[in-house]
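Engineer: Whatever this is, show me its structure:
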Amino acid sequence: MALRQPPSGVYDAYRRHNQSALFAKLKWRVGGQRCDEHATEALNVLTRMSIVTGKDLLAFDLEDLTDYARARRDNGRTVTALPLAYDILHAVGGLKDSPPTLREAQARGRLTPAELIDRHPIAHRAVRDMLVHYIVERSAVLDYGSLVNHAQMLADLFWGDPQRHHPAISSLNLPDEVAQAWKQRVRVLPDGRPRRTAHAVFLAVRSFYLDLSQWSMEDPARWAAWAAPCPISEADIRGYIKETRHRQARMQQRTRTLVPVLPQLVRAAEARLQRATLLLQATRSAKPGEEFTVEGSQYRRTGRDGSHWRPTALFLAPVDEPGSRFDAECEENNAFWTWASIEVLRRTGARIEELLELTHLSLRQYQAPTGETVPLLQISPSKTDRERVTPADPDLVAVLARIIRRIKGTGERVPLLTRYDGYERVFGPPMPHLFQCPSQHRLQVISPNRIRELLTEHALRSGIVDVDGTPLRFTPHDFRRIFSTETVNGSLPIHIAAKVLGHLDLNTTQAYVAVYPEEVIRHYRQFVDQRRTHRPSEEYREPSDTEWQDFRDHFSLRKVALGTCDRPYGTPCQHENACFSELPAAAGQRPPVNQWLCVDEPRSLCVRD
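Structural biologist: Residues are numbered from 1 along each chain as shown. Sure thing, here's the model as predicted:
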């Protein structure tokens, strides 16, 4: 399909003389959604296709739209208006027997067990068929996402590795040297880093062998030929508990790091949204080319999108930053949904899937026996397949009300949209989802990846760093851990916190909670207070400003051992410390970095306190 840009007005003339009634319906349909250049481009898409193919609009199918998109890309042009063109054509009766959106039409959906296994080539046909049958059996008790991971671990990480090193292998009864070599390789990633999920692979393989052994007694004709000694011993999986504890320690340490900077993140999101709102209002009031000032900064409305002039474009160029340009409408949209995501996540502890599944119907009311009306938030079943209802505090209700007002716009109801579940690979029914915004010039439910991108970008823009200057980032699940920590530390019983979080096991909640050892802290402080009673009271007076400054300067100058001192090595030190590089050391050894050579007594070492 060869495409060239026609002279101005050709498309309008074609629509007036060809299928004018149908084009009028399309224009009315797209005009009800967006009356701007994007709506016009959607009409032009269908017009170009009709001119080039000679087909009636109602005769188009998905293959025609796919060919059009391919031809546009081959000519270096964009196809951003294609989803909107698909929507309006489907709305007037075209694309019969097709889903209502282009994304649903192009989505492949779930793979069959055979397709899951065949993504990883297996040379031996009998082994491949056995793995397919095994995945079919496991599909009855596993969700689709877990089934995908299970198939990948068995077909690729387990069988695919010995097959690459021993092409003639055809039995699950692996020789000991083959099994040991495989276990060593699976513990390391291709780039040489340790594989953190190695124990998960070992557990999947061990359960695989144990299942075959059990099934061989229940159905010998089908499974007896595959029963074999398991190459994964109890010693191999003994470190799973240790690895789990290490993982929990990492999560808790991350939570303790993020909790103190959460208020900074929240304040930055509120300030960014306020500024973006003011910018958008000022931009809409200004004419293209006009300059204006917002919060002390001067901007010029350019009205230019790349090399194309668009009178309705809301692009701004900071006057003091030549060459810089951004979309005020896009910036305000990103700022709002960043703020909304942070507020809802930190006030509910919801998972990312549960956040995006919130709808207008999720807000309920409960009439207490006292007559008080309590707002409730109904969270749809997610990971545990259990629905839960949690009380909503006034601040959360205010945030949700602001979201509802935004997505309603001038309408009376929240638009109904279908949501694609990337984990289960299915589309849900049309629902009034709360987290929806324009994307590709049409309304869509925000994707999990987009939420993660917004949070990461906002943390970087906010300049949030750790105590050592390392930039910090927030993920949606970080807010869940912070929420669980704050609720339990705020004296909420842990079994109630488990209900709020949707956990089936209290141990799961305990793993999420980065609880500080309050009992240890309390008893230790009592011990310190008791010890102070035996010391002279003048030792605990408040230091003067001069004493405090001398104290800080003293330890600032003693950073030689850490390598952060500005003094060049080998030069005199006013603190009478020598660099650790000057310490005598045995061959092949380095002196300890927390020790200094005493200048007064060259043979003694002063331990750093």
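Engineer: When you work out contacts or count neighbours from here on, use the C-alpha atoms and nothing else.
Structural biologist: Noted.
Engineer: quick one: what helix or strand has residue 182 in it?
Structural biologist: Using DSSP states H and E, residue 182 maps to helix 176-186.
Engineer: check which helix or strand covers the residue most central in space within the chain.
Structural biologist: Of all residues in the chain, the one closest to the mean position by C-alpha atoms, centre = their mean is residue 452, 3.5 Å from it. In this structure, residue 452 is located in helix 448-462 according to DSSP H and E.
Engineer: just how off-centre is the helix or strand just after that helix within its chain?
Structural biologist: Using DSSP H and E, the next helix or strand after helix 448-462 towards the C-terminus is helix 476-489. How far helix 476-489 lies from its chain's middle: 16 Å, per C-alpha atoms, centre = their mean, to the nearest Å.
Engineer: So what touches helix 476-489?
Structural biologist: Applying C-alpha atoms under 8 Å, 6 or more residues apart in numbering, the contact partners of helix 476-489 are 255, 258-259, 342, 345-352, 451-452, 455, 494, 497, 501, 509, 512-515.
Engineer: Just the ones of those residues in helices?
Structural biologist: 255, 258, 342, 345-348, 352, 451-452, 455, 494, 497, 501, 509, 512 (DSSP state H).
Engineer: quick one on the thing from earlier: can you mark which positions in the helix holding residue 452 are buried?
Structural biologist: Of the residues in helix 448-462, 451-452, 454-456, 458-459, 462 count as buried by neighbour count, 16 or more other C-alpha atoms under 10 Å.
Engineer: can you redo these as JSON lines with distance to residue 212 and pLDDT?
Structural biologist: Output for these, formatted as JSON lines (distance: C-alpha to C-alpha, whole Å; pLDDT from 0 to 100):
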{"residue": "451", "distance to residue 212": "42", "pLDDT": "95"}
{"residue": "452", "distance to residue 212": "40", "pLDDT": "95"}
{"residue": "454", "distance to residue 212": "46", "pLDDT": "95"}
{"residue": "455", "distance to residue 212": "45", "pLDDT": "95"}
{"residue": "456", "distance to residue 212": "45", "pLDDT": "94"}
{"residue": "458", "distance to residue 212": "50", "pLDDT": "95"}
{"residue": "459", "distance to residue 212": "49", "pLDDT": "94"}
{"residue": "462", "distance to residue 212": "54", "pLDDT": "91"}
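Engineer: just for the stretch 151-300 of the chain, where's the confidence low?
Structural biologist: For the stretch 151-300 of the chain, no stretch has pLDDT under 70.
Engineer: How far away from the center of its chain is the helix holding residue 182?
Structural biologist: Here helix 176-186 is found 34 Å from its chain centre; the criterion is C-alpha atoms, centre = their mean.
Engineer: what comes up buried for it?
Structural biologist: If you call a residue buried by 16+ other C-alpha under 10 Å, then helix 176-186 has these buried ones: 179, 182-183, 185-186.
Engineer: go on, stretch 76-88?
Structural biologist: 79-88.
Engineer: And for stretch 187-204?
Structural biologist: For stretch 187-204, a neighbour-count test (16+ other C-alpha under 10 Å) marks 187, 198-199, 201-204 as buried.
Engineer: what about residue 267, how many neighbours?
Structural biologist: Using other C-alpha atoms under 10 Å, residue 267 has 13 neighbouring residues.
Engineer: What is the helix or strand encompassing residue 11 packed up against?
Structural biologist: Assigned by DSSP H and E, residue 11 belongs to helix 10-17. When contacts are defined as 3 or more C-alpha pairs under 8 Å, 6 or more residues apart in numbering; DSSP states H and E, helix 10-17 sits against helix 37-53.
Engineer: let's see it at 10 Å
Structural biologist: helix 20-31, helix 37-53 (3 or more C-alpha pairs under 10 Å, 6 or more residues apart in numbering; DSSP states H and E).
Engineer: what's the offset of that helix from the middle of its chain?
Structural biologist: How far helix 10-17 lies from its chain's middle: 46 Å, per C-alpha atoms, centre = their mean.
Engineer: That one relative to helix 20-31, how many degrees between them?
Structural biologist: Relative orientation of helix 10-17 versus helix 20-31 (axes from the mean of the first three to the mean of the last three C-alpha atoms, to 10 degrees): 120 degrees.
Engineer: Restrict helix 10-17 to CA atoms and write it as CSV.
Structural biologist: Output of helix 10-17 as CSV, limited to C-alpha atoms (Å, rounded to 0.1, in the frame of the first residue of the first chain):
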residue,chain,number,x,y,z
VAL,A,10,-8.5,16.4,-1.0
TYR,A,11,-9.7,14.3,1.9
ASP,A,12,-12.7,16.6,2.5
ALA,A,13,-13.6,16.6,-1.1
TYR,A,14,-13.4,12.8,-1.3
ARG,A,15,-15.7,12.4,1.8
ARG,A,16,-18.3,14.8,0.3
HIS,A,17,-18.6,12.7,-2.9
